[in-house]
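K.L.:
only geometry, no sequence info:
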(Lines give C-alpha, C1' and ligand atoms only; values in the text may rest on other atoms or scores of the structure.)
Protein backbone atom coordinates (compact mmCIF):
# COMPACT_ATOMS: atom_id res chain seq x y z
CA UNK A 1 0.00 0.00 0.00
CA UNK A 2 1.96 2.99 -1.22
CA UNK A 3 -0.18 5.95 -0.38
CA UNK A 4 1.03 9.53 -0.60
CA UNK A 5 -0.10 11.59 2.37
CA UNK A 6 -0.97 15.19 1.79
CA UNK A 7 0.20 17.71 4.39
CA UNK A 8 -3.38 18.07 5.63
CA UNK A 9 -3.73 14.28 6.07
CA UNK A 10 -0.46 14.19 8.00
CA UNK A 11 -1.74 17.07 10.14
CA UNK A 12 -4.89 15.13 11.05
CA UNK A 13 -2.86 11.99 11.75
CA UNK A 14 -0.80 13.99 14.21
CA UNK A 15 -3.91 15.39 15.87
CA UNK A 16 -5.46 11.93 16.14
CA UNK A 17 -2.30 10.58 17.74
CA UNK A 18 -1.99 13.51 20.15
CA UNK A 19 -5.52 13.20 21.57
CA UNK A 20 -5.15 9.87 23.41
CA UNK A 21 -1.47 10.60 24.09
CA UNK A 22 -2.41 13.72 26.07
CA UNK A 23 -4.87 11.76 28.20
CA UNK A 24 -2.37 8.94 28.78
CA UNK A 25 0.36 11.46 29.53
CA UNK A 26 -1.86 13.23 32.04
CA UNK A 27 -2.67 9.94 33.74
CA UNK A 28 1.02 9.03 33.87
CA UNK A 29 1.94 12.41 35.37
CA UNK A 30 -0.82 12.04 37.94
CA UNK A 31 0.29 8.53 38.81
CA UNK A 32 4.01 9.29 39.02
CA UNK A 33 3.79 12.64 40.79
CA UNK A 34 2.08 13.85 43.92
CA UNK A 35 -1.01 14.90 41.98
CA UNK A 36 -4.12 12.74 42.16
CA UNK A 37 -4.51 10.56 39.08
CA UNK A 38 -7.94 12.03 38.28
CA UNK A 39 -6.38 15.51 38.21
CA UNK A 40 -3.85 14.33 35.66
CA UNK A 41 -6.62 12.71 33.64
CA UNK A 42 -8.62 15.93 33.80
CA UNK A 43 -5.73 18.03 32.56
CA UNK A 44 -5.03 15.52 29.78
CA UNK A 45 -8.73 15.56 28.89
CA UNK A 46 -8.73 19.34 28.64
CA UNK A 47 -5.75 19.18 26.29
CA UNK A 48 -7.51 16.50 24.20
CA UNK A 49 -10.66 18.66 24.04
CA UNK A 50 -8.52 21.57 22.85
CA UNK A 51 -7.07 19.35 20.12
CA UNK A 52 -10.57 18.26 19.07
CA UNK A 53 -11.61 21.91 18.88
CA UNK A 54 -8.60 22.72 16.72
CA UNK A 55 -9.32 19.82 14.39
CA UNK A 56 -12.98 20.80 14.03
CA UNK A 57 -12.94 24.60 13.97
CA UNK A 58 -9.45 25.87 13.15
CA UNK A 59 -8.58 23.34 10.43
CA UNK A 60 -11.98 21.88 9.50
CA UNK A 61 -12.15 18.80 7.32
CA UNK A 62 -13.04 19.46 3.73
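P.N.:
Arrived safely. No experiment lies behind these values; they were computed from the predicted model shown.

K.L.:
Figure out the helix or strand that the residue positioned nearest the centre of the chain lives in.
P.N.:
Geometric centre of the chain, nearest residue: residue 19, 1.8 Å, by Cα atoms, centre = their mean. Assigned by DSSP states H and E, residue 19 belongs to helix 7-32.

K.L.:
which element follows that helix toward the C-terminus?
P.N.:
Following helix 7-32 toward the C-terminus (DSSP H and E): helix 37-53.

K.L.:
now for that following helix, which elements pack on it?
P.N.:
Judged by 3 or more Cβ pairs under 8 Å, 6 or more residues apart in numbering; DSSP states H and E, helix 37-53 is in contact with helix 7-32. Yep, even glycine has a C-beta here, placed from its N, CA and C like the rest.

K.L.:
Any buried residues in the helix it packs on, and which?
P.N.:
18, 19, 22, 23, 25, 26, 27, 29, 30 (16 or more other Cβ atoms under 10 Å).

K.L.:
Please verify my assumption that residue 38 contacts residue 29.
P.N.:
No. Applying Cβ atoms under 8 Å as the test, residue 38 and residue 29 come out as separate, 12.0 Å apart.
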